[in-house]
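J.: Here is the input, now give the coordinates:
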Amino acid sequence: MRPAGEHPRPGTRVLCTAASSAPREGKEVLVQHLLVGEKDARLLVDLEKSIASGADLSDLAVEHSLCPSKENGGMLGWVRRGQMVPEFEEAAFSAPLNKVVRCKTKFGWHLVQVLSERDQCLLQDIQPEELHEKMQDPSFMEEAQLIDVREPDEVERASLPGFKVLPLRQFGTWGPVMTDEFNPQKDTYVLCHHGMRSMQVAKWLQSQGFQKIYNVAGGIHAYSVKADSSIPTY
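T.: A predicted model of the protein is given here:
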């Protein structure tokens, strides 16, 4: 699953090096780039001139980039520190928004553009015992967003109170309206049978800007075994 929708293409101005700016600690950035070979300095300069004249980096990436991301106009999506080689990371996290900057890595020369930034999302496992304890608090049950991504026949066999059922197989139905139904700023807990489908959805929620996502480790099976034996196993 991938984030839906197109990203804006604001006007650009080429900078030959990454300009110093806020370090963006605790942030994620939405990045697109174009990669050319180490020996293609002349092409790099020509591309910079094209961008300075109004060409769009994503269009140039489709035509010239050596990176597989060219198929998506050079779009790398939301990235955080520690996911990229150091030189690319430094450029991406210091570049002013919408400005195209140049950097060199072991892969070659990059033209990098940061389209947006946001607070870094938290995605982590929560142990069944901890979730069980939280669920004894009425205020938690009122405030938390609880999502069960199992199929209806599974939910009939075993379920936890307060969880809204959004079957993964029906993602095409509920995915497009997720941010209409749920608040990305609220703590969100995701459950499945063994914790794998829920992690898939949790990662997608992260890509959609949900700020705090908790995947129930081991799913409802582990919850039954470790936290509440009254919940049937199957």
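J.: now the most centrally placed residue in the chain: how far from Gly175?
T.: Nearest residue to the geometric centre of the chain (C-alpha atoms, centre = their mean): Ser207, 2.6 Å. Noted for Ser207: a distance of 11 Å to Gly175, by C-beta to C-beta, to the nearest Å. (Each C-beta comes from the backbone N, C-alpha and C, glycine too.)
J.: Okay, domains of this structure per the record?
T.: 14-119, 122-226 (automatic domain parsing).
J.: got those domains as TSV, with mean pLDDT and distance to Pro232 columns?
T.: Listed next are the domains of the chain as TSV, based on pLDDT from 0 to 100; distance: least, C-beta to C-beta, whole Å:
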stretch	mean pLDDT	distance to Pro232
domain 14-119	90	39
domain 122-226	97	5
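J.: Would you map the strands across the protein?
T.: 14-15, 27-36, 75-79, 100-105, 108-119, 122-126, 145-148, 164-165, 187-191, 212-216 (DSSP state E).
J.: you'd agree Val149 is up against Arg197?
T.: Yes - applying C-beta atoms under 8 Å, one finds Val149 in contact with Arg197, separated by 5.2 Å.
J.: These two - which one has more neighbours?
T.: Per other C-beta atoms under 10 Å, whichever of Val149 and Arg197 has more neighbours is Val149, with 26 against 21.
J.: burial of the nearest residue to the more buried one once chain neighbours are set aside, as a residue count?
T.: What sits nearest to Val149 in space, not counting adjacent residues and going by C-beta to C-beta, 6 or more residues apart in numbering, is Leu168, at 4.6 Å. Other residues near Leu168 come to 17 when the count uses other C-beta under 10 Å.
J.: ok, now Ala55?
T.: Ala55 - counted by other C-beta under 10 Å - has 14 other residues nearby.
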